[in-house]
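> Fold the following.
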Amino acid sequence: MAVNSELHRRHIIEDNYCQRCREDVETVTHAIFKCPTVRSVWENSSFWEEVQQIGEESFEVFKRVTEHYSHHDVYTFSALAWAMWTSRNKALFENSPHDPILLATGFSKYVSDFQVYSAKVFGGRRGNGGISNSTWKKPPAGTLKINVDAATFDDAVGLGVVARNSHGDIVFTGARRWRGRWDSCIAEAAAIHFGVELAIRFGYRDVWCESDALNVVQKIQQKQLGYNYVFLFISSIISLSSSFSSFICSHVKRGGNTVAHFLARTVPPEANEIVNFEQFPESIITLAEMDIG
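Take a look at the predicted model:
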């Protein structure tokens, strides 16, 4: 994309700074996500947490969104990103005063209108293959519900698991940290595998596993096989799940998976595995209460 950093690298222009804010070099990441002129749009969206984690490689965030969010959310995120690029071009080339928030709202409405139209024309056949919950839901009586998540760091991967009963009470939490650089899809599959391992270890028979990694959940639901490393975890999860009397694997949006997300991101660097059955930290209890919809 023809941002100033790229044009400067090609010796087309002399100044690589953002012409709108003059505070930083204009990269794709800066133009779409980090420039103060567009920041308020992302702050008021459901994607702010993801945007805050963006490094210099802007397309990594698109990968995370497609893995953790529903198709509807992916369309909305893409519309907002395109709206911010349009906002940039309007300011630079059309000298057109406008409100980025109103522009983003208009783009989002186009996406929403198209999805309504698409559902009528195609009969909703473009769904994601299952219902994604926005909030945490209690499992049936006698079923253990385990929520899992993964977090990737520069040189390690954190895995988080929280298990709750039909009353919403925490039964146990688990956290594991492995050294190495992992693809986020593999890390999410490893988190589900960790959760299933713990459920088997502690003798549970009826298990509902929930993750915010939509593509991994779909692979498990569809019992997909393949040669990528992620399928080593997928095939093992499918095999292990046969030992349960009942097993469900479903997708939940990030907002309904906050406890597992917190555990994955805060596992101590020196820890290999931590499992806790009592005296849960106040931060975990508070997040668990907020999780419940």
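> contacts and neighbour counts: CA atoms only from here.
Fine.
> Residues contacting the one helix or strand Lys145 maps to, please?
Secondary structure from DSSP states H and E places Lys145 in strand 144-152. Here strand 144-152 makes contact (CA atoms under 8 Å, 6 or more residues apart in numbering) with 138-139, 157-166, 181-182, 184, 187-188, 190-192, 195, 204, 206-213, 257, 259-261, 264-265.
> ok now that strand, how far from the chain's centre?
12 Å (CA atoms, centre = their mean, to the nearest Å).
> what lines up beside it in the sheet?
Taking DSSP bridges as the criterion, strand 144-152 sits next to strand 156-164 (antiparallel), strand 206-211 (parallel) in its sheet.
> Keeping just the C-alphas, turn it into CSV.
Output in CSV follows, covering the C-alpha atoms of strand 144-152 (Å, rounded to 0.1, in the frame of the first residue of the first chain):
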residue,chain,number,x,y,z
LEU,A,144,-18.1,-29.7,33.3
LYS,A,145,-17.5,-26.7,31.1
ILE,A,146,-13.9,-25.8,30.3
ASN,A,147,-13.0,-22.6,28.7
VAL,A,148,-9.5,-22.4,27.1
ASP,A,149,-7.3,-19.8,25.5
ALA,A,150,-3.7,-19.3,24.3
ALA,A,151,-1.4,-16.3,24.3
THR,A,152,1.8,-16.0,22.2
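> Show me just the buried residues among the contacts of strand 144-152.
138-139, 157-165, 182, 184, 187-188, 190-192, 195, 204, 206-213, 257, 259-261, 264-265 (16 or more other CA atoms under 10 Å).
> Look up how far Leu144 lies from Phe59.
Phe59 sits 37 Å away from Leu144, going by CA to CA, to the nearest Å.
> Which secondary structure element is home to Cys249?
Take DSSP H and E as the rule and Cys249 turns out to sit in strand 246-251.
> What helices and strands are in contact with that strand?
Using 3 or more CA pairs under 8 Å, 6 or more residues apart in numbering; DSSP states H and E as the contact criterion, the elements in contact with strand 246-251 are strand 206-211, helix 214-221.
> List the buried residues for the longest one?
Right, the one you point to is helix 214-221. When burial is assessed from 16+ other CA under 10 Å, helix 214-221 yields the following buried residues: Leu214, Asn215, Val216, Val217, Gln218, Lys219, Ile220, Gln221.
> The fourth one reaches His251, doesn't it?
It refers to Val217. Yes - if you go by CA atoms under 8 Å, Val217 and His251 touch, sitting 6.3 Å apart.
> so what sits against both of these two?
Here Val217 and His251 have Ser211 as joint contacts, going by CA under 8 Å, 6+ apart.
> ok, now which ones touch Ser112?
For Ser112, counting by CA under 8 Å, 6+ apart, there are no contacting residues.
> what helix or strand does it sit in?
Secondary structure assignment for Ser112, by DSSP H and E: helix 100-122.
> sorry, back to before: of the helices and strands packed on strand 246-251, which is nearest Asp99?
Closest to Asp99 of these, according to CA to CA: helix 214-221, at 33.3 Å.
> Identify all contacting residues around that closest one.
66-70, 129, 185, 188-189, 211, 234, 237-238, 249-252.
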